[in-house]
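Visitor: Sharing a model prediction with you, sequence too.
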Amino acid sequence: MTDSRSVTIDRLPGAVCVYCASSRAADPSYRELARDLGQRLAEGARTLVYGGSREGSMGALADGALAAGGRVIGVMPGFLQALEIAHDRLSELHIVGDLRERKQWMLCRASAVIALPGGTGTFEELLEALTLKRLGIFLGPIVICNQHDFYAPLLALLEAAIAERFMVERHRQMWTVVRTAAEAIKAIDDAPDWPADALSFAAP
């Protein structure tokens with residue numbers, strides 16, 4: 001069994017990992033948010049690390065950053081290349097073996113996480129980041145973009161976990177909820193420090 005604390009962490013200065021979807025069928029406003037976020041990340045000289053697709057919110061995110069002269073790093077498992085369709089204009093594209101390696105690669109190089117609306121893959125990535133922050137493995141800001149109240153059910157579930165004492169009140173500080181790209185950038189800058197000894201209060 002691999003101890004996740006032994007994983008090599010090579011954070012890129014100012015890198016932000018963004019979780020989002022490759023769906024082309026979702027409302028265009030989700031892609032507009034993604035494009036705006038990509039542009040703002042680039043204008044702030046932040047490196048974008050994301051899933052590598054040219055489709056849906058993923059593609060809009062990368063296009064927004066690239067149009068503003070930003071550095072964009074994509075990470076995609078080889079078996080998903082046909083489904084998600086890799087972006088062909090990225091600063092870097094890393095092809096990895098599986099989804100687990102993708103998540104690890106992205107998070108180990110980022111100093112902050114932003115989750116845009118998405119499907120099960122986005123949910124999995126966001127919840128893993130929250131879990132690793134709870135355990136003191138990832139300490140950076142985690143920002144949830146609650147556009148159109150998309151994440152209201154998940155936020156209610158997290159609140160229920162705190163209310164039922166599966167988590168402690170302090171765990172609410174692990175994430176920040178916003179609605180716009182501008183608010184997401186500000187939330188990264190304003191996020192409270194998360195203690196390296198978070199494991200000491202991980203369990204209620």
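Guide: Thanks, I have the structure now.

Visitor: which residues in this structure form strands?
Guide: In the chain, the strands defined using DSSP state E lie at 16-19, 48-50, 72-77, 92-96, 112-115, 142-145, 175-178.

Visitor: Tabulate the ones you listed in a markdown table, adding columns for mean neighbour count and mean pLDDT.
Guide: Heads up, the C-betas are built off the backbone N, CA and C, glycines and all. Putting these into a markdown table (neighbours: other C-beta atoms under 10 Å; pLDDT from 0 to 100) gives the following:
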| stretch | mean neighbour count | mean pLDDT |
| --- | --- | --- |
| strand 16-19 | 28 | 98 |
| strand 48-50 | 27 | 98 |
| strand 72-77 | 23 | 97 |
| strand 92-96 | 16 | 95 |
| strand 112-115 | 26 | 98 |
| strand 142-145 | 25 | 98 |
| strand 175-178 | 18 | 98 |
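
Visitor: Please name whichever of those is nearest to Leu126.
Guide: strand 112-115 (4.3 Å; C-beta to C-beta).

Visitor: Show the secondary-structure elements that that closest one is packed against.
Guide: With contacts defined as 3 or more C-beta pairs under 8 Å, 6 or more residues apart in numbering; DSSP states H and E, the packing partners of strand 112-115 are strand 16-19, helix 120-134, strand 142-145, helix 181-190.

Visitor: Quick check: the gap between the nearest residue to Lys133 once chain neighbours are set aside and Gln39.
Guide: Once flanking residues are discounted, Lys133 sits nearest to Met174: 5.0 Å by C-beta to C-beta, 6 or more residues apart in numbering. Computed as C-beta to C-beta, to the nearest Å, the Met174 to Gln39 distance reads 27 Å.

Visitor: mind listing what the residue of the chain positioned farthest from its centre touches?
Guide: Centroid-distance maximum for the chain: Glu164 at 26.7 Å, with C-alpha atoms, centre = their mean. Under the criterion of C-beta atoms under 8 Å, 6 or more residues apart in numbering, Glu164 has no contact partners.

Visitor: What of Leu199?
Guide: Counting by C-beta under 8 Å, 6+ apart, Leu199 makes contact with 135-136.

Visitor: Please report the distance of it from Ala152.
Guide: The gap separating Leu199 from Ala152 is 30 Å, by C-beta to C-beta.
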